[in-house]
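Colleague: My questions are about this predicted structure, shown below with the sequence.
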Amino acid sequence: GNSVTQMEGPVTLSEEAFLTINCTYTATGYPSLFWYVQYPGEGLQLLLKATKADDKGSNKGFEATYRKETTSFHLEKGSVQVSDSAVYFCALENNFNKFYFGSGTKLNVKP
Amino acid sequence: GAVVSQHPSWVICKSGTSVKIECRSLDFQATTMFWYRQFPKQSLMLMATSNEGSKATYEQGVEKDKFLINHASLTLSTLTVTSAHPEDSSFYICSASDSGANVLTFGAGSRLTVL
């Protein structure tokens, strides 16, 4: 089946710290992988995506590389800001726009 | 960019009543919309896929008579929670696919509280 597992939060970091949020997946076939971000009171927004193995998605300083050998898509950012505080969801899309989400990881960045 | 609007954003109702939640794509046509349910500190769980002009496809374990979905136009899908009970209290989120873009746009969600 299809599923996504991501690290439990909350993750609390100081501003300018390095961020890693782990995400692993199980899937049949060759899924596309996504990171979505949900700011307080808002809907989910696409942060980045990768559609095939070894692709790297990047946006706003965040990066994630599609690793087929380890079935992972870890999210990283070199220097977080207070404005990055949000809940981050890892997701896969396998067919017909059907998405499977991880449980979300809340990130708190302190000044 | 693509925008999906949900209404209401927050609704409180009495047990036994029915509640309708609307999901609109504001600047694009969506032949397919999706309804999710999100429990506190948990993932989004896909409830059903809503197809314009045809019946919705429900995920296993989701009661179709409980959660009525109607997708009457290319910009509107509705979710009606019938005879709501406290266990139906949750955050309901819709999303829509801009055809061919392989990207979902999400609404801000609707929080339902059943007393």
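Modeller: Good, I have the coordinates. Residues are numbered from 1 along each chain as shown, chains lettered A, B, ... in the order given.

Colleague: Is the spatially most central residue of chain B within a helix or a strand, and which one?
Modeller: Note on chain B: the residue nearest the mean C-alpha position is residue B:35, at 3.7 Å, using Cα atoms, centre = their mean. Following DSSP states H and E, one finds residue B:35 within strand B:32-38.

Colleague: Wait, the residue nearest to the centre of chain B touches residue B:91, no?
Modeller: No: counting by Cβ atoms under 8 Å, residue B:35 does not reach residue B:91; the two are 11.6 Å apart. Glycine gets a C-beta too; all of them are placed from N, C-alpha and C.

Colleague: where are the low-confidence patches of chain B?
Modeller: By pLDDT under 70, the low-scoring segments of chain B are B:99-103.

Colleague: Show me what from it comes close to chain A.
Modeller: Within chain B, the positions adjacent to chain A are B:4, B:6, B:32, B:34, B:36, B:41-44, B:46, B:49, B:93, B:95, B:97, B:102-104, B:106-109 by Cβ under 8 Å from any Cβ of the partner chain.

Colleague: which of those residues are buried?
Modeller: Buried members of the residues of chain B next to chain A, counted by 16 or more other Cβ atoms under 10 Å in any protein chain shown: B:4, B:6, B:32, B:34, B:36, B:43-44, B:46, B:49, B:93, B:95, B:97, B:103-104, B:106-109.

Colleague: in the sheet, who's paired with residue 19?
Modeller: You didn't say which chain, so I picked chain A. Taking DSSP bridges as the rule, residue A:19 bridges to residue A:77.

Colleague: my bad, chain B
Modeller: residue B:81.

Colleague: for it, what are its contacts?
Modeller: B:11, B:13, B:80-81, B:84, B:112 (Cβ atoms under 8 Å, 6 or more residues apart in numbering or on different chains).

Colleague: Return a ChimeraX selection command for the buried portion of those.
Modeller: Selection of the buried residues among those in ChimeraX, burial being defined by 16+ other Cβ under 10 Å:
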select /B:11,13,81,84,112
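
Colleague: Touching the helix or strand hosting residue B:6 from outside, list them.
Modeller: Following DSSP H and E, one finds residue B:6 within strand B:4-7. The contact list for strand B:4-7 (Cβ under 8 Å, 6+ apart) reads A:43, B:21-26, B:93-96, B:105-110.

Colleague: now the strands: where do they sit in chain B?
Modeller: For chain B, applying DSSP state E gives strands covering B:4-7, B:10-13, B:19-25, B:32-38, B:44-51, B:57-58, B:67-73, B:76-81, B:90-97, B:104-106, B:110-114.

Colleague: Apologies, that question was intended for chain A.
Modeller: Going by DSSP E, chain A shows strands at A:3-6, A:11-14, A:19-21, A:23-26, A:32-38, A:44-50, A:56-59, A:62-65, A:75-77, A:86-95, A:98-101, A:105-110.
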